[in-house]
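1. Need a 3D model of the following:
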Amino acid sequence: MFNYKIKIAYDGTNYSGWQIQQNSISVQEKIKTGIEQITGEEVNLLGSGRTDSGVHAIGQTANFHLSKVIDKGKFLHSLNSVIPHDISILDIESVHKNFNSRFDAVSRSYIYIITTSKNPFYYKYSWEINWFKNYDLSKINLLSKIFIGKKDFTSFCRKNSDVENKICDLKEFRWKKFGDKIFIYVEANRFLHGMVRTLIGTVLLAAKNNYDEELIKNIIENKDRETAGEAVPARGLFLYKVRY
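-> As a prediction, this is how the structure comes out:
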């Protein structure tokens, strides 16, 4: 068997997320169907992780096995021609037969985009917050640093999560402004369901209400989703990069 890794970008607006689900359209399903159409083989397409409904990706990765060697250039062209226009396979490479795009990943990073002015071309890919226009990001970056490190993030994942281990090692969480846009970068070894959007929502809640650092620390220690802020909208979130 031959193992291939692909890098994927997609607009998540019209999908229920990455993972195949009953009675809904997923990114994974569209790519898997395209591979099988081209190769005539049934494949198990393994993604590096899930993205929720409406979340986008710049650098999602996945791998699959085939019984034969393929011409990667021709395969890339053929696959992009049969999958929907809002999904793109950016690259393909041969990898070791035991490579697993999910379990071999050492970190994942996300970018979230906030805009401070109304623009119809930004709407699908950002969240507009007018009060944030003149906000000093130095304090919000100080609040975000509290999350850095290996911690229990129970307060920031969905209550119905079936994952028992809530410990994640958050490596970076920073905010930077460019004109009327704020880019938020978050990187960790792993993320829980809904974690990135809830982290951002919690920091925004603290910033808007002028909460101090102790409140953030208490939310982490409480391990209670009810104490954290609301999750920000999915449309501003992008899976940026998966590191191996």
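
2. all helices of the protein, in order?
-> Counting by DSSP state H, the chain has these helices, from start to end: 27-39, 72-82, 137-145, 195-208, 213-222.

3. what's around N119, how many residues?
-> Look at N119: counted by other CB atoms under 10 Å, it has 11 neighbours. For glycine as for every other residue, the C-beta is placed from the backbone atoms N, C-alpha and C.

4. For it, give me the pLDDT.
-> Among the per-residue scores, N119 holds a pLDDT of 92.

5. Need the winner for burial among the helices of the chain.
-> Burial among these, expressed as mean neighbours by mean count of other CB atoms under 10 Å, is greatest for helix 195-208, which shows a mean of 22.

6. That one to helix 213-222, inter-axis angle?
-> 150 degrees (axes from the mean of the first three to the mean of the last three CA atoms, to 10 degrees).

7. what sits against the residue of the chain most remote from its centre?
-> With CA atoms, centre = their mean as the measure, the chain has its most outlying C-alpha, relative to the mean C-alpha position, at K68: 31.7 Å. Going by CB atoms under 8 Å, 6 or more residues apart in numbering, K68 touches F2, T39.

8. again, but for D52
-> When the contact criterion is CB under 8 Å, 6+ apart, the partners of D52 are G17, H193, G194, R197, A234, L237.

9. Now it, what are its backbone angles?
-> phi -70, psi 170 (degrees, to the nearest 10).

10. coming back round to it: nearest to M1 among the helices of the chain would be which one?
-> For these, the distance to M1 is smallest for helix 27-39, at 12.6 Å, taking CB to CB.

11. Please name every helix or strand in contact with that closest one.
-> Using 3 or more CB pairs under 8 Å, 6 or more residues apart in numbering; DSSP states H and E, the elements in contact with helix 27-39 are strand 2-10, strand 56-66, helix 72-82, strand 87-95.
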